[in-house]
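Trainee: just the structure for this:
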Amino acid sequence: MNSHTVKMVLSLCFILMATMASATCNSEMSKQFDFWLGDWKVFDKDGKLVGNNLIQKAQNGCVITELYSTEKGYSGQSINIFDATRKVWHQTWVDNKGGLLVLEGKWNGQAMLLTGQTQAQDGNTLLQKIKWTPKSDGSVHQHWQVSKDKGQHWEDAFYGVYLPKKK
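Mentor: Numbers count the residues shown, from 1 in each chain. Alright, predicted model coming up:
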């Protein structure tokens, strides 16, 4: 092949890859977490303000980013993406305390449920599951649970109610 043919083939490959990525990021499944988009005040189950969370689209709409912060100086962020190849949602969370949480899961028709595991200080495995549920009033409820015994019993780690900030 001459150099002109190679350039043409490479150009066509890049165009095809860009078209495929765009179609993947605009699919119905890739929009399942869009209910979480917004600028939110986050309250605990007792109604106390615990933080602020900005959820936005990035990377041409293929990624959802999260920026969470509290008045006490805690902050964290997550990157969320729909993996079209495996048909699962993926979240990677990091925070200013060195925390890392990797979750994967699916939309179940009513809520986004992501699960993963971490290791406790004592070396034991902790199962993690977080469920985000959109409510008819425009709020989003987040329920985070942890299991120390391979899923036999679950303890609440956090229950948050997301309310949109007033514009």
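Trainee: so which bits of stretch 58-71 are buried?
Mentor: Within stretch 58-71, the residues scored as buried using 16 or more other CB atoms under 10 Å are C62, I64, E66, Y68, S69. For the C-beta atoms, the positions are set from N, CA and C on the backbone; glycine is no exception.
Trainee: repeat for stretch 43-63
Mentor: Buried residues in stretch 43-63, defined by neighbour count with 16+ other CB under 10 Å: F43, V50, G51, N52, N53, I55, C62.
Trainee: now do that stretch: distance from first to last residue.
Mentor: With CA to CA, to the nearest Å as the measure, the ends of stretch 43-63 fall 25 Å from one another.
Trainee: list the contacts of that stretch.
Mentor: Contact partners of stretch 43-63, identified using CB atoms under 8 Å, 6 or more residues apart in numbering, comprise 21-22, 24-26, 30, 36-42, 64-71, 74, 79-81, 158-163, 165.
Trainee: distance from it to the middle of the chain?
Mentor: Computed by CA atoms, centre = their mean, to the nearest Å, the separation of stretch 43-63 from the middle of its chain amounts to 10 Å.
Trainee: so where do the strands sit in the protein?
Mentor: Listed in chain order, the strands found in the chain under DSSP state E are 38-44, 49-58, 63-69, 75-83, 88-95, 100-107, 112-119, 125-134, 140-147, 155-164.
Trainee: okay, angle between the second one and strand 63-69 too, please.
Mentor: To tie it back to what came earlier, the one meant is strand 49-58. 160 degrees (axes from the mean of the first three to the mean of the last three CA atoms, to 10 degrees).
Trainee: within the sheet, what are the partner strands of strand 49-58, with directions?
Mentor: Strand pairing for strand 49-58, determined by DSSP bridges: strand 38-44 (antiparallel), strand 63-69 (antiparallel).
Trainee: list the contacts of H153.
Mentor: Applying CB under 8 Å, 6+ apart, one finds that H153 lies in contact with S147.
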